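Colleague: generate coordinates for the sequence data below:
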Amino acid sequence: MKVQKIIYSIAIVCFVLIGCKENKEPKKEVKKESVALAISGMTCEIGCAKTIQSKLSKKEGVIDAKVVFTDSIANIEFDANTTSKKDLIAFVDGIAGGDLYKASESTSTNTSKEHNCSDACKEKCEHKMGDKTACKEDCKMACCADKKS
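Modeller: Model (predicted):
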C-alpha cells in the first residue's frame, strides 16, 4: 500500500511540474507607429473628446491616445503588429453606434510633444517670449494645457 502511495505521489508531482512549465515563446517586438486622425462630430470636450480618448486607450494595440477637442485631432501611438491606421479609423467611426463621429487621417501629423495649436488657440492663448512661444497662464484651452505639461 505504501509503494502505491509513493508511485501516485511521484505521478502527481510529475504532472504538476509538466503542467506548470513556463511557456517561453519569444515576445514579438513592438512596432510603434503614430497617426493623427481628424475627427468630425465632436461637440464637447468631456462627453466627446474624453470618451473617444478613453475608448481608444483601451483598444488592443494602442499604446497612447490623446484627443484634442479644440483642434478636432486624435494623436495615436500604436503597435503596427496589432492594429493599423485603417482599424483605428474604423474604430473611431464605430464609437456611439457609428452615427456621431467621422475620422480620417489628418495631413498634419501632430504627434510630437510640442503641440501646434490652431490659429484660434494661438490668438487667445499664446504670447511670444523672445524667440519662444509660451501659453498665457489663464488659458484653459486644450492646446495650451498640452504645452504646459
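
Colleague: just the pLDDT for residue 45.
Modeller: Per-residue pLDDT puts residue 45 at 88.

Colleague: roughly how far apart are it and residue 54?
Modeller: 13 Å (Cβ to Cβ, to the nearest Å). Where C-beta positions appear, they are placed from N, C-alpha and C, glycine not excepted.

Colleague: over to residue 15?
Modeller: 44 Å.

Colleague: let me know the helix or strand that residue 16 is in.
Modeller: Per DSSP states H and E: residue 16 is located in helix 2-19.

Colleague: how does this structure divide into domains?
Modeller: Domain assignment for the chain by automatic domain parsing gives 29-112, 113-149.

Colleague: weakest of those domains in terms of mean pLDDT?
Modeller: Among the domains of the chain, domain 113-149 carries the lowest mean pLDDT (a mean of 51).

Colleague: what residues are up against the residue nearest to residue 64 when sequence neighbours are not counted?
Modeller: The shortest distance from residue 64 to any non-neighbouring residue, by Cβ to Cβ, 6 or more residues apart in numbering, is to residue 77 (4.4 Å). Under the criterion of Cβ atoms under 8 Å, 6 or more residues apart in numbering, the contact partners of residue 77 comprise 32-34, 62-65, 111.

Colleague: ok, now with 10 Å
Modeller: 32-35, 62-66, 111 (Cβ atoms under 10 Å, 6 or more residues apart in numbering).

Colleague: mind checking which of these are buried?
Modeller: Buried members of the contacts of residue 77, counted by 16 or more other Cβ atoms under 10 Å: 33, 35, 62, 65-66, 111.

Colleague: quick one: which two of those are the most distant?
Modeller: Across those, the longest distance by Cβ to Cβ is 15.1 Å; it joins 33 and 66.
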